[in-house]
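Participant: Predicted model and sequence follow; I will ask about them next.
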Amino acid sequence: MPAGMIAGERIRALAGGTVPGIAVVVVGPEGLRAAGTAGLADIGAHRPASLSMVCPWFSMTKIVTATAAVRLAERGVLDLDAPVDRYVPALARVRPRQWVSRVTVRHLLSHSAGLPNPIPVRWIHRADQPAPDPDVFLGALLARHGRLRFEPGSRSRYSNLGPLVVAAALAATAGQPFIELVRQEILHPLGMDTTAFTYTPQARSLAAVGYHPRRSPTRLLLPRWAIGEPAGRWISLRPFLVDGAAYGGLVGPADELARFLRLHLQDGELDGTRILSPQAAAAMRQITMPGRRYDLGLGWFRPASQRDADPPFVEHLGGGAGFFNLIRIYPTRGVGVAVMGNATTYNIDAVARLALTH
């Protein structure tokens, strides 16, 4: 089935006209169904947005972290339901101990471990500088935020700390750094060669510039080095990477995000490469933990406000300074959509619903 083109004017109208550049990909089990772009990846250079423009994934990375954990669990390397503190020494700083000793990877992936969620605004470093050591970074965070908010498994509350603990457990059980594990187990087998936890040589010339509203006071929360040149109503952001790879550190293009989306839409297999069993892929999409803001599965979530959505969907957002992204699956329709845009916020839900018209 040939792919259809989505008109840029339609994408821009749905987004509310509040994003410099945007890329949309709609996929079905058979492959690409439709795609389109609108606007500019770089206003200053007048470089058009494209399906190959590289953007930070931010929290969409959590689905990759969850996929890696479930893959290793299926191989018997990791037990999703065993206490995780045996693998992660930094958890010794967290209280109360009787709760911490019951936290599992399943709790962490479904955001039901009870961990707090400190604001990660300054968890970034220059793109050309090394990332902090993951164990040191996690240890410092848990030292400052070392008390569980509720009993594990009793309810859910979204937390960026959970995936960092999962990454530490994966590194300990697999005997290799988390970043290398993801490359070896997920990215390379899926042919996602531009997507990485850094700007690869092929990604640098494709990198989109992030933009934040010039008059928004929240830009003052960012480090001064991250603020670039003004561009009309926008302030540009200099290239940066996220501290804490597992919760939000991937960068890559929409066309490769679409390959990862197809993997989950096709129940764990892509182009003859099986990453997860059909049962495991379906279990990840199963919503098991209701929450105030999100209802959670194993990585995937749905907004609590969309519990009665018709057709139902699961998704993950990826938002932060200068970029806003989404990956969504409509299981009953057999269709998925990936959206990437280089503005801090815009009407991404309206754009994602393009999946239902293709």
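Facilitator: Noted; the coordinates are in hand. Everything quoted here is computed from the prediction, not taken from an experiment. Residues are numbered from 1 along each chain as shown.
Participant: C-alpha only now, for contacts and for neighbours.
Facilitator: Noted.
Participant: Just the pLDDT for A169.
Facilitator: On pLDDT, A169 comes in at 98.
Participant: go on, P2?
Facilitator: pLDDT at P2 comes out at 50.
Participant: do you know how far the residue of the chain positioned farthest from its centre is from G248?
Facilitator: In the chain, Q98 marks the outermost C-alpha relative to the chain mean, sitting 31.1 Å out by C-alpha atoms, centre = their mean. Applying C-alpha to C-alpha, to the nearest Å, the value for Q98 to G248 is 29 Å.
Participant: got it, and L40?
Facilitator: Taking C-alpha to C-alpha, one finds L40 at 24 Å from G248.
Participant: Those two: which has the busier surroundings?
Facilitator: Taking neighbours as other C-alpha atoms under 10 Å, L40 and G248 compare with G248 leading, 27 against 22.
Participant: excluding its backbone neighbours, what's nearest the more buried one?
Facilitator: F58 (3.9 Å; C-alpha to C-alpha, 6 or more residues apart in numbering).
Participant: What does the one you found show for phi and psi?
Facilitator: Per-residue torsions, F58: phi 50, psi -130 (degrees, to the nearest 10).
Participant: Could you list which residues are in contact with it?
Facilitator: By C-alpha atoms under 8 Å, 6 or more residues apart in numbering, F58 lies in contact with 242, 247-251, 318-320.
Participant: Of these, just say which sits nearest to A90.
Facilitator: Y247 (16.9 Å; C-alpha to C-alpha).
Participant: name the helices or strands packed onto the helix or strand where the closest one lies?
Facilitator: Under the criterion of DSSP states H and E, Y247 resides in helix 245-248. Here helix 245-248 touches helix 61-74, helix 161-174, going by 3 or more C-alpha pairs under 8 Å, 6 or more residues apart in numbering; DSSP states H and E.
Participant: In TSV, list those helices along with distance to G16 and mean neighbour count.
Facilitator: Formatted as TSV, these follow (distance: least, C-alpha to C-alpha, whole Å; neighbours: other C-alpha atoms under 10 Å):
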stretch	distance to G16	mean neighbour count
helix 61-74	26	23
helix 161-174	32	23
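Participant: P303 is nearest to which of those helices?
Facilitator: Proximity to P303, assessed across those by C-alpha to C-alpha, is greatest for helix 61-74 (15.6 Å).
Participant: Would you map the strands across the stretch 151-300 of the chain?
Facilitator: 210-213, 227-231, 234-237, 240-242, 251-253, 269-270, 273-274, 294-296 (DSSP state E, counting those that start in this stretch).
Participant: out of those, deepest packed?
Facilitator: strand 210-213 (a mean of 27; mean count of other C-alpha atoms under 10 Å).
Participant: CA atoms of that strand as CSV?
Facilitator: Coordinates of each C-alpha in strand 210-213 appear next as CSV, following Å, rounded to 0.1, in the frame of the first residue of the first chain:
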residue,chain,number,x,y,z
GLY,A,210,14.6,23.7,19.6
TYR,A,211,12.5,26.8,20.1
HIS,A,212,10.8,28.2,23.2
PRO,A,213,8.3,31.2,23.3
